[in-house]
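Chemist: test case, fold it:
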Amino acid sequence: MTTGRDDDALSWDGDDDPTLDHGAAAEPEDERGTPPSSTPPELPKGFTAVGRGSETLGGADAPVAGSVAESSSAAPTATADRRPMGNGALIAFGVLGGVYALYAIGWLIGGLRLQGRAQYLVTDVMYQGSLWLAVLAPLLWFATTLLLTRASRAWLRFTWLAAGVVLLLPWPFVMIGAIGQ
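Modeler: Residues are numbered from 1 along each chain as shown. Next up, the predicted model:
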């Protein structure tokens with residue numbers, strides 16, 4: 001009697017291979033064939049385990065359980081004081097980053113539209129240098145503000161970013177526009 005097509009769908013060719021391990025896992029062994037020691041693995045110096053089971057994982061500089069200098073009595077570290085940014089702050093940074101990128105594009109378009117008129121006022125080399133400084137200014141403001149205020153409060157960072165939005169408005173693009181006259 002042959003097996004039905006339904007039974008064939010539930011098995012793979014080679015499932016009856018005797019080398020496959022279907023039983024309970026044996027105790028692991030390292031490359032030399034010796035079973036692992038009963039001591040828990042240790043973290044490298046400077047690393048701290050967090051999460052479930054972290055109390056059983058020992059580090060090179062971790063205090064021993066029951067010792068005098070446990071983590072509850074130790075001074076808080078600098079990373080414990082910093083809280084991660086919330087979703088609103090991350091979205092606001094993304095929106096402000098997009099505004100600064102649009103400002104850079106606005107400075108480029110507006111500056112290129114004024115290039116023919118500016119030949120009467122300054123030389124070409126001076127105009128090109130100032131054009132690229134104007135294009136890079138919004139991007140540099142955004143990056144510098146994020147870098148220099150990373151240890152400050154969020155309101156201070158947003159204040160400096162809002163000041164940059166007001167100060168770096170691409171006036172050539174606003175006054176002439178992309179089409180211009």
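
Chemist: and the helix or strand harbouring L90, which residues are buried?
Modeler: Mapping L90 onto the secondary structure by DSSP states H and E places it in helix 87-113. Neighbour-count burial for helix 87-113 flags 92-93, 96-97, 99-100, 103-104, 106-111, 113 (criterion: 16 or more other CB atoms under 10 Å). Just so you know, the C-beta spots here come from the backbone N, C-alpha and C atoms, and that holds for glycine as well.

Chemist: for stretch 160-170, same thing?
Modeler: Counting neighbours by 16+ other CB under 10 Å, stretch 160-170 gives 160-161, 164-165, 168, 170 as buried.

Chemist: from R150, how far off is the closest residue to A154 other than its chain neighbours?
Modeler: Using CB to CB, 6 or more residues apart in numbering and skipping the chain neighbours, the partner closest in space to A154 is A89 (5.7 Å). Per CB to CB, to the nearest Å, A89 is found 12 Å from R150.

Chemist: next one: R157
Modeler: R157 is 8 Å from R150, where distance means CB to CB.

Chemist: of the two, who's got more company?
Modeler: Comparing R157 with R150 by neighbour count (other CB atoms under 10 Å), the higher total belongs to R157, at 20 against 9.

Chemist: give me the contact list for whatever helix or strand that one lives in.
Modeler: Taking DSSP H and E as the criterion, R157 maps to helix 154-167. Residues from elsewhere that reach helix 154-167 (CB atoms under 8 Å, 6 or more residues apart in numbering): 85, 89, 92-93, 96, 99-100, 103, 138, 141-142, 145-146, 149-150.

Chemist: quick one on the thing from earlier: quick check, pLDDT for the residue nearest to A154.
Modeler: Looking at A89, its pLDDT reads 88.

Chemist: likewise the one 5 residues further on?
Modeler: Per-residue pLDDT puts G94 at 93.

Chemist: which secondary element of this protein has the worst mean pLDDT?
Modeler: Across the helices and strands of the chain, mean confidence by mean pLDDT, DSSP states H and E is lowest for helix 78-81: a mean of 51.

Chemist: just for the protein, where's the confidence low?
Modeler: Counting by pLDDT under 70, the chain contains low-confidence residues at 1-8, 14-41, 58-82, 177-181.

Chemist: all strands of it, in order?
Modeler: 42-43, 58-59 (DSSP state E).
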